[in-house]
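> pasting the structure only:
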Ligand SMILES: Nc1ncnc2c1ncn2[C@@H]1O[C@H](COP(=O)(O)OP(=O)(O)OP(=O)(O)O)[C@@H](O)[C@H]1O
Ligand SMILES: O=P(O)(O)OC[C@H]1O[C@H](OP(=O)(O)OP(=O)(O)O)[C@H](O)[C@@H]1O
Ligand SMILES: [Mg+2]
């Protein structure tokens, strides 16, 4: 049975459960459940604090985990990212009251408050900056107002939390993060159950980002049309009953579907349809 760690709280937990559900796995019904078995898929899910997941996976007791890239790196655990999942996207940045500093090079002698001590200590050291780091569990934005630190380093998504606290980001982002699937560093990459799990999640990612496009076009326009809809491997082209016409079918990125439909129409394609993809295996 494959043993998988799933975030039990916070920004990662809802979207992770949703993605697993879309991939056909049973998920817990109550937010207090700490583990469930999905016998049909031969998987056991453990609902753990996102921060702890890399540690469990690195111990080898759990095969796979879903966590944030920032949490993985901050933990220093012996685990590696094997599939980015595209949700819980954020940046990790320094912020201060305006006028305090312009970048990491100005932080010598200052105190930085953060929940991500591992990332911050390494970043300061890599930049040759001698600053103190104070660990706080959350709501780090308030630390400056209350005099605990001159600088914070925290997750920034929309920037609303910083603005509300009267802070502004300084310097370049320390890192970019999103939810990722992790496993113990060097674990067997070809394990069939792990591969099947990854294929299912990849199927969800593709179904979320692509649509299927069908249209008819004249044979003379086929090369131009196919250049607009190259598909993932190559589009399917079938003859139509009316001579001189073909039907084309290809996957296209959902975000570009409307523009592609306009371009196809302009070159004479007709009966252009898009349909959602519910699941797929590439
Ligand atoms: N506002 C946000 N937008 C996008 N991702 C976020 C946001 N806040 C946190 N994250 C991401 O979620 C993960 C943090 O997990 P954590 O459980 O601490 O989330 P949280 O939402 O801060 O929960 P908690 O309220 O329990 O602190 C990190 O990978 C982080 O980058
Ligand atoms: O840029 P924004 O869109 O405002 O998002 C970033 C905020 O979201 C998270 O906070 P969370 O609500 O998880 O509280 P926490 O600080 O207690 O973890 C993060 O720690 C930032 O404070
Ligand atoms: Mg948080």
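It's in. What you are looking at is a predicted structure, and each value in this text was computed from that prediction instead of being measured. Ligands and ions are numbered 1, 2, ... in the order given.

> and this structure, what are its domains?
The chain breaks down by automatic domain parsing into domains covering 2-87+178-187, 90-176, 211-276.

> Around ligand 1, pick out the residues from the stretch 1-150 of the chain.
9, 10, 11, 12, 50, 68, 70, 71, 88, 90, 138 (CB under 6 Å from any ligand atom). C-beta coordinates here come from the backbone N, C-alpha and C atoms, glycine included.

> Is it correct that the third one is in contact with residue 88?
Yes - using CB atoms under 8 Å, residue 11 and residue 88 qualify as a contacting pair, with a distance of 5.0 Å.

> who has more neighbours, these two?
Per other CB atoms under 10 Å, whichever of residue 11 and residue 88 has more neighbours is residue 88, with 26 against 17.

> picking that back up, which one of the domains of the chain is the most hemmed in?
domain 2-87+178-187 (a mean of 19; mean count of other CB atoms under 10 Å).

> Which SSE is immediately downstream of the strand or helix carrying residue 94?
Assigned by DSSP states H and E, residue 94 falls within strand 90-96. Next helix or strand after strand 90-96 toward the C-terminus (DSSP H and E): strand 111-114.

> From the chain's centroid, how far away is that next one?
26 Å (CA atoms, centre = their mean, to the nearest Å).

> Quick check: the residue of this structure nearest ligand 1.
residue 68 (1.9 Å; CB to the nearest ligand atom).

> And for the nearest residue to that residue once chain neighbours are set aside, the neighbour number?
Take residue 68 and drop its neighbours on the chain: the residue closest to it by CB to CB, 6 or more residues apart in numbering is residue 177, 5.2 Å away. Here the number of neighbours of residue 177 (other CB under 10 Å) works out to 25.

> Could you report the separation of residue 177 from residue 126?
Look at residue 177 and residue 126: by CB to CB, to the nearest Å, they are 18 Å apart.

> And for residue 13?
From residue 13 to residue 126 the distance is 31 Å (CB to CB).

> Nearest spatial neighbour of residue 100, chain-adjacent residues omitted?
residue 150 (5.8 Å).

> wait, residue 172
residue 103 (7.7 Å).

> didn't residue 134 look like it was pressed against residue 111?
Yes - with contact defined as CB under 8 Å, residue 134 and residue 111 form a contacting pair (5.7 Å).

> one step back: tell me which other helices or strands the strand holding residue 94 touches.
strand 151-156, strand 168-177 (3 or more CB pairs under 8 Å, 6 or more residues apart in numbering; DSSP states H and E).

> and of those strands, who's closest to residue 23?
strand 168-177 (21.8 Å; CB to CB).

> Can you list the strands that that closest one pairs with?
Note on strand 168-177: by DSSP bridges, its sheet partners are strand 90-96 (antiparallel).

> got a markdown table for the residues of the stretch 1-150 of the chain next to ligand 1, with secondary structure and distance to residue 20 too?
What follows is those, written out as a markdown table (DSSP: H, G, I helix; E, B strand; the rest coil; distance: CB to CB, whole Å):
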| residue | secondary structure | distance to residue 20 |
| --- | --- | --- |
| 9 | coil | 16 |
| 10 | helix | 16 |
| 11 | helix | 16 |
| 12 | helix | 12 |
| 50 | helix | 15 |
| 68 | strand | 16 |
| 70 | helix | 21 |
| 71 | helix | 18 |
| 88 | coil | 14 |
| 90 | strand | 21 |
| 138 | coil | 25 |
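
> Include pLDDT when you put these into a markdown table, please.
Below are those laid out as a markdown table (pLDDT from 0 to 100):
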| residue | pLDDT |
| --- | --- |
| 9 | 96 |
| 10 | 96 |
| 11 | 96 |
| 12 | 98 |
| 50 | 98 |
| 68 | 98 |
| 70 | 98 |
| 71 | 98 |
| 88 | 98 |
| 90 | 98 |
| 138 | 95 |
